[in-house]
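Peer 1: Whatever this is, show me its structure:
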Amino acid sequence: MSGGSFFWSAGWARFRKNPRAMAGAATILALYLVAILAPVLTPYDPVSHGDLPEMRHQPPSREHLLGTDKFGRDVMTRMLYGSRISLTVSFLAVTISVVLGSIVGAVAGYTGGIVDAVMMRMVDALMSIPRLFLLLTCIALFSRSLLLVTILLGATGWMGTARLVRGQILSLKSREFVSAAEALGAGSGRIVLRHLIPNALTVIIVSATLRIGLIILGEAALSFLGLGVPPPTPSWGQMVYEGREVLLDAWWVSTFPGLAIVVTVVAYNLLGDGLRDSFDPVQFT
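Peer 2: Coordinates of the predicted model:
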């Protein structure tokens, strides 16, 4: 068995023995299955209004397991369909963030010198600006849409990944396989994409799983401020926002979406911690 195969097989073996990591992975899988099967799991429409005023703010019952909101819409239905938005936005935004951060970090770490200094100072400058301020400024300049929210969440969250990947690349670029590739005439782009980034994959994966929780919270914060996914499209953050004025009289409108956010973020954090512990290179030295 090659060294790379041993690393991955041993890492997955350690991961499977970690109950918290497995619980996080199982929870995330269940959330995505529920999102996919939303039309099968509920007979109600997540957008159309119910019979007002009879249907508004009905408490949890056999007919509406999690109650209804101010428009008579079934809260459970909106949560199920909202999971599609929240999970999809977070996944796509993290993909954008990880790709940008990995490329910037890898180029800066491998190139070094003035290029590294300039790129890292740019990263430091962007990290010094409050992210919420950046998001609010960009949303104010453009027409709000689901695509814009996704791109902005990804484009404003790559700096931490860039610093992590840069640190990993700095430790990898002095290895023998990099020297061999350079001696064979491989270009800088090929070395970065074919040799360095694949060997930094564990750092990238862990960063992505830990960052998804932050993205979900960011989307929820924007929706709570009324700047996230445009209504009536449901998202968990928007549902929490809609129920803020009736927390005492109709607590279920905000409570259940809020719990869904908490469960999802905790599950991703457990998964990320488990991957970090399982694939930590120190474990194999």
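Peer 1: Work out which residue lies at the spatial centre of the protein.
Peer 2: The residue lying closest to the centre of the chain (CA atoms, centre = their mean) is Ile212, at 1.9 Å.
Peer 1: Which pLDDT value belongs to Met239?
Peer 2: Here, the pLDDT recorded for Met239 equals 87.
Peer 1: With Val265 instead?
Peer 2: 88.
Peer 1: quick one: what helix or strand has the residue nearest to the centre of the chain in it?
Peer 2: helix 201-224 (DSSP states H and E).
Peer 1: tell me which residues of that helix are tucked away?
Peer 2: By 16 or more other CB atoms under 10 Å, the buried positions in helix 201-224 come out as 202-224. C-betas here are computed from N, CA, C, even on glycine.
Peer 1: Check the offset of that helix from the chain's centre.
Peer 2: How far helix 201-224 lies from its chain's middle: 3 Å, per CA atoms, centre = their mean, to the nearest Å.
Peer 1: Which other helices and strands does whatever helix or strand comes next after that helix contact?
Peer 2: Going down the chain from helix 201-224, the next helix or strand is helix 236-242, by DSSP H and E. On a contact count with 3 or more CB pairs under 8 Å, 6 or more residues apart in numbering; DSSP states H and E, helix 236-242 meets helix 75-111, helix 201-224, helix 252-278.
Peer 1: and the angle for the last one with helix 75-111?
Peer 2: Using axes from the mean of the first three to the mean of the last three CA atoms, to 10 degrees, one finds that helix 252-278 and helix 75-111 are set 30 degrees apart in direction.
Peer 1: Thr27: how many residues sit nearby?
Peer 2: 17 (other CB atoms under 10 Å).
Peer 1: same check, this time on Val40
Peer 2: Neighbourhood size, Val40 [other CB under 10 Å]: 9.
Peer 1: Which of the residues in the helix or strand where it lies are classified as buried?
Peer 2: When elements are assigned from DSSP H and E, Val40 belongs to helix 38-41. Buried residues in helix 38-41, counted by 16+ other CB under 10 Å: Ala38.
Peer 1: Check stretch 87-94 too.
Peer 2: Going by 16+ other CB under 10 Å, stretch 87-94 has these buried residues: 87, 89-90, 92-94.
Peer 1: The closest residue to Asp277 other than its chain neighbours and Ile204, how far apart?
Peer 2: Computed as CB to CB, 6 or more residues apart in numbering, the closest residue to Asp277 that is not its neighbour in sequence is Asn18, at 6.6 Å. Separation of Asn18 from Ile204 (CB to CB, to the nearest Å) stands at 20 Å.
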